[in-house]
Every structure is written in C-alpha cells, then in structure tokens.
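**Student:** Dropping the sequence and predicted coords here.
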Amino acid sequence: YTDMAIGIALLFNINLPQNFNSPYRATGIQDFWRRWHITLSQFLRDYIYIPLGGSRSGYWIAIRNVLITFLIGGIWHGASWMFILWGFLHGSGQAVERIWKRWGVPLPTWLSWVITFIFLNVTWVFFRAENMKQAERLLKGMFGINGTGFSLVSEFKLMLPALAALTLIMLISPNLSESFSKLRPTWKTSLVMAVVFMISLLFFNRITEFLYFNF
C-alpha cells in the first residue's frame, strides 16, 4: 500500500518518505521498528517517547517510557485488549533487548535475527486474533501442537529446502527501494511499466478491503 501511495504521489511531484525497509531482516526489536512502519515509529518517538522524557532521565525511566509508548501504540491500532497486549509485548521486547545489550553477552547476528523473526511472528498472532482463545489456537498450530498438516514425510522434506531457499533470497536480495534507487529509466523500461500499468487496470474489480479501512 505504501509503495502505491509513494508512486501515486510522485505523479504529482510529491516525495513521500519511505515507510518500510526490509523489516524482516531486522536483528532486534529496535531495529525492526526502524524498518517497519517508519512514519508511525517516528510519530511515536517524537510525540510520545520524547515528551515523556525519552532517555534523558535515566536508564530505567527510558525503559518505562518505551513500555508506555508501545502501549499507546497498541491502542492507536484499535480499542481492543489484543492490540494493547501486542503493544505491551513489543515494548517488553525492546526493554529486554536494552537490558541484554547492557548486561548480557553479545549474540551472533544470525541468532539475533532468528530470535527476532520468531518473536515477530508470535506477536503478530495477538495483533490479528480477535480474542485470546483464537490466539491460543493459532499459536498451537504454529508450533505443531495440533499437527504439522503434512500427510506425507516426502511433503515435509520438499518444504524444508523451499523454505530455506526463499529465506536466503529474502535475506540477501536487494529490496524494492534499493532496486529503484539504482534504476535509470530507459524507453524500454518505460514501455514495460506502461504495459504493466495497463494490465493492472484490468484488475480494479478485484479489490480486497484495506486493513485500516474501518479506522
């Protein structure tokens, strides 16, 4: 959605800021929020975290301010206990990360990424679930408590290499912003984009509801 908004704005010579920067490559919760929904992160920082005192009033006050900021960030997404819980988990994740960086042993980059990736996928369950019962069912499914969903061992063996290959592509390939920053349009590029644009017009009758449509 943000790529579409940025592209449409450029048609009117308006430069909107980048809003996502490969967030699933993040190696920490703080790093994730520097990459995910960047404009919201900046808003929460400038209008909640800094006015609360930021990190100017001491280490533990800064951690308290992070928790409050993300609780409010959860409420911003909707008046639901699930959003509040999601915000609390992300605030707690940042608090633990700050404490670990101060007193813990530095982790290898790959391990930091794995932990962050698992944390994000688990917390997204609370963001999308309507209640705790649904969240519990989804988490059990994610961790294989309700079964793996594979009827054959061969299916599972085929899935693992595919997941490994896709993960590798995700981690090492340039993202859209990096690709377009190096793009130097030619008449061939323009022709291809024009054709793609015309094809996309044919699918305007297949629009799905935007996540924030009712906000």
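**Tutor:** Perfect, thanks for sending it.
**Student:** quick one: contacts of the longest helix along the chain?
**Tutor:** As assigned by DSSP state H, the longest helix anywhere in the chain is helix 81-103. With contact meaning Cβ atoms under 8 Å, 6 or more residues apart in numbering, helix 81-103 is reached by 28-30, 33, 59, 62-63, 66-75, 77, 119, 123, 126-127, 129-132, 135. Just so you know, the C-beta spots here come from the backbone N, C-alpha and C atoms, and that holds for glycine as well.
**Student:** Can you flag the buried ones in the residues you listed?
**Tutor:** Neighbour counting with 16 or more other Cβ atoms under 10 Å marks 28-30, 33, 62-63, 66-67, 69-74, 77, 119, 123, 126-127, 129, 135 as buried within the contacts of helix 81-103.
**Student:** about what we covered before: so of the contacts of helix 81-103, which ones are in strands?
**Tutor:** Using DSSP state E, no member of the contacts of helix 81-103 sits in strands.
**Student:** if we can go back for a sec, buried set for the longest helix of the chain?
**Tutor:** Residues of helix 81-103 classed as buried by neighbour count (16+ other Cβ under 10 Å): 82-95, 97-98.
**Student:** any low-confidence regions in this structure?
**Tutor:** 147-155, 207-215 (pLDDT under 70).
**Student:** can you pull out the helices in it?
**Tutor:** 2-11, 29-35, 38-44, 59-77, 81-103, 109-128, 132-142, 153-172, 176-181, 187-201.
**Student:** can you redo those as JSON lines with distance to Asn21?
**Tutor:** Listed next are those as JSON lines, based on distance: least, Cβ to Cβ, whole Å:
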{"stretch": "helix 2-11", "distance to Asn21": "11"}
{"stretch": "helix 29-35", "distance to Asn21": "4"}
{"stretch": "helix 38-44", "distance to Asn21": "7"}
{"stretch": "helix 59-77", "distance to Asn21": "18"}
{"stretch": "helix 81-103", "distance to Asn21": "18"}
{"stretch": "helix 109-128", "distance to Asn21": "15"}
{"stretch": "helix 132-142", "distance to Asn21": "26"}
{"stretch": "helix 153-172", "distance to Asn21": "14"}
{"stretch": "helix 176-181", "distance to Asn21": "6"}
{"stretch": "helix 187-201", "distance to Asn21": "23"}
